[in-house]
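K.L.:
here is a sequence together with a model predicted from it:
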Amino acid sequence: MKIALIHDFLTNFGGAERVLKNISDIFPDAPIFCLLYDAQKLPQFKDKKVIQSSLYKYPNFIKKKEVLFRPKCPQAIEEFDLSKYDIVISNTNSFCKGVITPPSTLHISYIQSPTRYLWDYKDEYLDEHNARGIKRYFLEKLFLKMRLWDYEAGQRPDYIIANSKNVAKRIKKYYRRKSKVIYPGTDLDKYRHFDEQSEEKSDFYLIVSRLSKYKKVDLAIRACNKLKKKLVIIGEGSDKNYLESIAGPTIEFKGFLPDKEVRNYYQKTKAFLFPAEEDFGLTPIEAMASGTPVIAYKKGGLLETVKEGLSGTFFNKQSANGLCRAIKKFEKMKFEPVQIRESIKKFSLNNFKKEFKNFVEEKYQKFKKRQ
């Protein structure tokens, strides 16, 4: 089988890129097509054949202007010639499910999320970008055209895989498609420590996140400011300066850290804070694999991974006060690290690779019979 992998943007190593790396390990000879690629920021793919779209030719000032750049992405993704491949696997939260494949090629799309800023996150996205008056009118018109293309793109894969039940529901709503749920995998053994000292927790809370408005890190900062709790924040992002400006003396920013150091923080923190609504959420899995409970907003993919009273607790209102109440509640609860680890076994990397590979092979055999 000649297989090609398709990804949206290989410019930062986040959750979707971790999944791409795992898929690429399953099919090590498959080239990776993407809209843009930053080799310096993603050394994880240095041994892979990565093929960029025509967008790499555009000047940086266009690439940095989302309003100018995003409308060019559909055409760029459709330009890829995939006619020589038996199977195309797209890993996407925006554009690459819209690649055009010939009738003889099987296209399976692993959807991390329907394009959020076009659908359920549209109004919040426009508010965050201060879209008012003429600017908002223009963006609403632009998003309407892009939604039409995005819906059509959602019809192109022969089969769709969703990364969670939460995402499967949204795929059904926005694309009118059924999907198979296969949870992303995490190498759980990397986060497990079995010596007695590893079970000792320090007196701080932890966030590991991209520092953007959508991640709601400000809620955790405001809550820990109010309660005078120590909070360690690992990550970089466009919202960092603002977050530092509202942080009190108990908040510590660590910036980007190597995986080994991040694992040490996962192991030592008394709880991992997750105030955002996420499609799935890999970092809470990593925390729980370290025997650490999670305090999460009660919505989205975390409802499928965190078990109330066993591996963490929730807060219902997405606000600093809501998180404050959850922290106070948490500090009266007791959690067993071994039970927390056991609760997330099904999210192992081995399970993901086995289930994903079996799905691709099964669907390809059925596809061939119909040709």
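P.N.:
Structure received. Numbers count the residues shown, from 1 in each chain.

K.L.:
surely Ala220 touches Tyr205?
P.N.:
Yes. Counting by Cβ atoms under 8 Å, Ala220 does reach Tyr205; the two are 7.4 Å apart. The way it works is simple: take the backbone N, C-alpha and C, and place the C-beta from them, glycine included.

K.L.:
could you pull out the helices in the chain for me?
P.N.:
15-26, 60-63, 66-69, 73-78, 122-128, 133-153, 165-175, 217-227, 240-246, 259-268, 282-289, 320-330, 337-343, 349-370 (DSSP state H).

K.L.:
got the buried residues for the fifth one?
P.N.:
Buried residues in helix 122-128, counted by 16 or more other Cβ atoms under 10 Å: 122, 125-126.

K.L.:
I'd like the residues you listed written out as CSV, with pLDDT and distance to Gln339 added.
P.N.:
Formatted as CSV, the buried residues of helix 122-128 follow (pLDDT from 0 to 100; distance: Cβ to Cβ, whole Å):
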residue, pLDDT, distance to Gln339
Lys122, 88, 40
Tyr125, 83, 39
Leu126, 86, 43
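
K.L.:
shared neighbours of Ala220 and Tyr205, which are they?
P.N.:
Common contact partners of Ala220 and Tyr205 (Cβ atoms under 8 Å, 6 or more residues apart in numbering): 231, 273.

K.L.:
which of the two has more neighbours?
P.N.:
Set side by side, Ala220 and Tyr205 show more neighbours around Ala220, with 27 against 24, by other Cβ atoms under 10 Å.

K.L.:
what sits against the more buried one?
P.N.:
By Cβ under 8 Å, 6+ apart, Ala220 lies in contact with 205, 207, 231, 233, 273, 275, 323.

K.L.:
change it to 7 Å
P.N.:
Neighbouring residues of Ala220 by Cβ atoms under 7 Å, 6 or more residues apart in numbering: 207, 231, 273, 275, 323.

K.L.:
quick one: low-confidence residue ranges for the stretch 51-200 of the chain.
P.N.:
The model of the stretch 51-200 of the chain has pLDDT under 70 over residues 193-199.

K.L.:
show residues contacting stretch 25-42.
P.N.:
Contacting residues not belonging to stretch 25-42 are listed as 3-13, 17, 24, 45-46, 48-53, 55-56, 73, 76-77, 80, 95, 353, 356-357 [Cβ under 7 Å, 6+ apart].

K.L.:
got the buried residues for that stretch?
P.N.:
Neighbour-count burial for stretch 25-42, counted by 16+ other Cβ under 10 Å, picks out 26-27, 30-37, 42.

K.L.:
can you check stretch 228-247 too?
P.N.:
Buried residues in stretch 228-247 (16+ other Cβ under 10 Å): 229-235, 237, 239-240, 243, 247.

K.L.:
ok now that stretch, how far from the chain's centre?
P.N.:
In terms of Cα atoms, centre = their mean, to the nearest Å, the centre of stretch 228-247 is found 20 Å from the chain centre.

K.L.:
got the contacts of Ala220 as a markdown table, with pLDDT and distance to Ala287 columns?
P.N.:
Formatted as a markdown table, the contacts of Ala220 follow (pLDDT from 0 to 100; distance: Cβ to Cβ, whole Å):
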| residue | pLDDT | distance to Ala287 |
| --- | --- | --- |
| Ile207 | 98 | 10 |
| Leu231 | 98 | 14 |
| Leu273 | 98 | 10 |
| Pro275 | 97 | 14 |
| Leu323 | 98 | 16 |
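
K.L.:
quick one: which of the residues you listed sit in strands?
P.N.:
207, 231, 273 (DSSP state E).

K.L.:
so what's the second one closest to, chain neighbours aside?
P.N.:
In this case it means Leu231. Spatially, and ignoring its direct neighbours in sequence, Leu231 is nearest to Cys224 (4.1 Å; Cβ to Cβ, 6 or more residues apart in numbering).

K.L.:
ok, that neighbour - contacts?
P.N.:
205, 231, 250-251.
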